[in-house]
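Colleague: sequence-free structure coming up:
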Ligand SMILES: O=C([O-])CC(=O)C(=O)O
Ligand SMILES: [Mg+2]
């Protein structure tokens, strides 16, 4: 087996129902119920702030080289999110509006690049969400090597093929399918709690009593006086 230059054709994709359980949930609520981990680095930003939801289709690309990304586009199925581990390097763009328009027309749910893209103004107009670490007019090489559908690292998070990917204007969070049902249920609960807080604010009486309790429990000293240098 040619480690570093190989393509796995099969992915265990989660049931559609399991993915749909996250539809409409903010990425923040999902991350909160996973102990505030599993979010890709905030340097990887959305170009159009459109919501993203789908199944991870992973690509390990050589720095500035999109041969494997082209192959991934040919292999991915509608609803997949193509995630490229480009080593975080932004010296050459991996793709631009032509490849991303192609993805959109194939029904790809979104693309995340831990590297650079180009044609930013056009990516902003796409309906399909595109995330990347940077923008660079210098284009990609097409030589490989690279890998498809292996565990990768994207913005500091390990992504396995078949993971559930959730994104919005805040960023991207990666959910392991095995625990996804429980995570979605907890995240919806969190979402409801937040809605209740907003309702309390609208009614002018948000309960903040927990703050003093937490400060006391952690040993904070409250001094009823002015600070004197
Ligand atoms: O030329 C390329 O390979 C990438 C690009 O700009 C595009 O997809 O529009
Ligand atoms: Mg272009």
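Modeller: Everything's here; your move. Just so we're clear, the structure is a prediction, and the values are computed from it rather than from any experiment. Ligands and ions are numbered 1, 2, ... in the order given.
Colleague: can you pull the contacts of the nearest residue to residue 34 once chain neighbours are set aside?
Modeller: The spatially closest residue to residue 34, leaving aside those adjacent along the chain, is residue 183, at 6.2 Å (Cβ to Cβ, 6 or more residues apart in numbering). C-beta: built from backbone N, CA, C; applies to glycine. By Cβ atoms under 8 Å, 6 or more residues apart in numbering, the contact set of residue 183 is 30, 33-34, 175.
Colleague: quick check: the residue of the chain nearest ligand 2.
Modeller: The nearest approach of the chain to ligand 2 comes at residue 96, 3.1 Å away (Cβ to the ion).
Colleague: beta-bridge partners for the residue nearest to the spatial centre of the chain, please?
Modeller: Central residue of the chain (Cα atoms, centre = their mean): residue 172, 2.2 Å from the mean position. Applying DSSP bridges to residue 172 gives these bridge partners: residue 167.
Colleague: that one against residue 42, yeah?
Modeller: No: Residue 172 is not in contact with residue 42 according to Cβ atoms under 8 Å; the separation is 9.6 Å.
Colleague: in the host helix or strand of residue 74, what's buried?
Modeller: Using DSSP states H and E, residue 74 maps to helix 67-75. For helix 67-75, burial by neighbour count (16 or more other Cβ atoms under 10 Å) applies to 67-69, 72-73, 75.
Colleague: list the helices and strands whatever helix or strand comes next after it packs on?
Modeller: Note on helix 67-75: by DSSP H and E, the next helix or strand toward the C-terminus is strand 80-85. With contacts taken as 3 or more Cβ pairs under 8 Å, 6 or more residues apart in numbering; DSSP states H and E, strand 80-85 sits against strand 52-61, helix 67-75, strand 110-117, strand 152-154.
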